[in-house]
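**Student:** Coordinates for the following, if possible.
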Amino acid sequence: MSFWPQKIELKEVWINSLGAAIAWIVWSIILFLIVVSISKFINIMDWFQALQAGAWKTNIIFPLVLSAIAFIAISFTLFVTYFFLYFANPDRYRKSFVIFGQIAFFTFLSYLFFVPAYIYAGSIDYNYIIIVFLLHAILVIFWANLIIEILNNYRYILVSLYWSFIGLYLTFIIISLVFFNIEQNSAKLIALLFLLPLINLLQVFFKSLFDFLYFHYNRLTNLDQVWDIFYQIELEEKEALKEEEEKNSI
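**Tutor:** Next up, the predicted model:
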């Protein structure tokens with residue numbers, strides 16, 4: 001049981017971020033192989049031209065392929081990232097097949113939830129399906145990271161919850177600035193696939209950074225408002241119960 005914030009060094013921030021970055025690099029290689037394999041059956045460049053011409057609005061295949069790629073990419077980046085979280089801090093993150101199974105189950109469940117949105121957006125306008133992809137990546141990675149924290153550190157989830165929301169906000173701003181400054185539709189589509197691991201990298205980095213800053217804030221001020229909040233509540237309940245028993249014994 002740890003009442004005070006867990007010690008975290010700056011190297012752990014970089015190791016966690018390195019894991020997400022490696023996931024980004026490896027995913028780029030896998031994505032290239034996927035595109036090469038698909039190109040044997042589907043002409044990707046023809047699709048790009050059709051997208052720009054607006055001639056594909058009723059095409060159901062493209063949204064399904066894009067959603068499947070998003071599912072594979074999100075799952076892969078989360079698994080690699082979690083491995084590095086465990087490597088950097090085995091005391092905080094456990095090497096458990098149950099946790100890997102929960103990550104896989106959640107990403108698949110969320111994939112089923114987003115598929116209808118992909119199909120509907122794809123039948124209306126190309127820009128809409130891009131937005132669905134971005135929301136799919138940002139939200140699922142955000143929720144999955146929260147699940148990881150809950151399964152590993154349920155007593156300390158409040159601090160992770162706050163930092164994750166801040167990281168989500170900053171990630172959304174950065175990704176939006178990068179993505180919506182791209183003008184050509186085909187370039188947007190390509191950038192979209194490679195931005196997905198970057199979303200995970202940013203969220204992992206910001207959360208680890210805020211953990212590091214909060215630990216040093218606690219060391220300087222000796223104040224802890226959100227770390228082991230459940231233990232603090234438990235202490236307050238025990239104190240209230242003790243006072244109530246003393247009143248009844250009078």
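
**Student:** Residue ranges in this structure under the pLDDT threshold?
**Tutor:** Residue ranges of the chain with pLDDT under 70: 1-10, 31-32, 34-59, 126, 183-190, 192-193, 224-225, 227-229, 250.

**Student:** which residues of it fall in strands?
**Tutor:** Here the chain has no strands by DSSP state E.

**Student:** Spatially central, which residue of it would that be?
**Tutor:** Residue closest to the mean C-alpha point of the chain, counted by C-alpha atoms, centre = their mean, is residue 141 at 2.2 Å.

**Student:** For it, give me its contacts.
**Tutor:** By C-beta atoms under 8 Å, 6 or more residues apart in numbering, the residues touching residue 141 are 74, 77, 78, 199, 200, 203. (C-beta placed from N, C-alpha, C; glycine too.)

**Student:** okay, those residues in JSON lines with distance to residue 149 next?
**Tutor:** Formatted as JSON lines, those follow (distance: C-beta to C-beta, whole Å):
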{"residue": "74", "distance to residue 149": "17"}
{"residue": "77", "distance to residue 149": "17"}
{"residue": "78", "distance to residue 149": "13"}
{"residue": "199", "distance to residue 149": "17"}
{"residue": "200", "distance to residue 149": "14"}
{"residue": "203", "distance to residue 149": "12"}
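
**Student:** tell me which of those is nearest to residue 113?
**Tutor:** Nearest to residue 113 among these is residue 74, at 12.6 Å by C-beta to C-beta.

**Student:** what about the closest one, distance to residue 127?
**Tutor:** To residue 127, residue 74 is 21 Å away according to C-beta to C-beta, to the nearest Å.

**Student:** Those two: who's more crowded?
**Tutor:** Neighbour tally, residue 74 and residue 127, criterion other C-beta atoms under 10 Å: the higher count belongs to residue 74, 25 against 10.

**Student:** so the more buried one makes contact with residue 142?
**Tutor:** No - Residue 74 is not in contact with residue 142 according to C-beta atoms under 8 Å; the separation is 10.9 Å.

**Student:** Common neighbours of the two, please.
**Tutor:** With C-beta under 8 Å, 6+ apart as the test, residue 74 and residue 142 reach no residue in common.

**Student:** so what's residue 63 closest to, chain neighbours aside?
**Tutor:** With sequence-adjacent residues excluded and distances taken as C-beta to C-beta, 6 or more residues apart in numbering, residue 63 is closest to residue 122, at 3.3 Å.

**Student:** Sorry, wrong one. I was asking about residue 119.
**Tutor:** residue 63 (5.1 Å).

**Student:** Tell me how many other residues crowd residue 200.
**Tutor:** 30.

**Student:** quick one, what contacts it?
**Tutor:** For residue 200, the contact set (C-beta under 8 Å, 6+ apart) comprises 20, 23, 24, 74, 77, 78, 81, 141.

**Student:** From the residues you listed, pick the one nearest residue 208.
**Tutor:** Closest approach between the contacts of residue 200 and residue 208, by C-beta to C-beta: residue 20, at 9.5 Å.

**Student:** Near the nearest residue to residue 230 once chain neighbours are set aside, how many other residues are there?
**Tutor:** Using C-beta to C-beta, 6+ apart and skipping the chain neighbours, the partner closest in space to residue 230 is residue 155 (5.3 Å). Neighbour count for residue 155, taken as other C-beta under 10 Å: 14.
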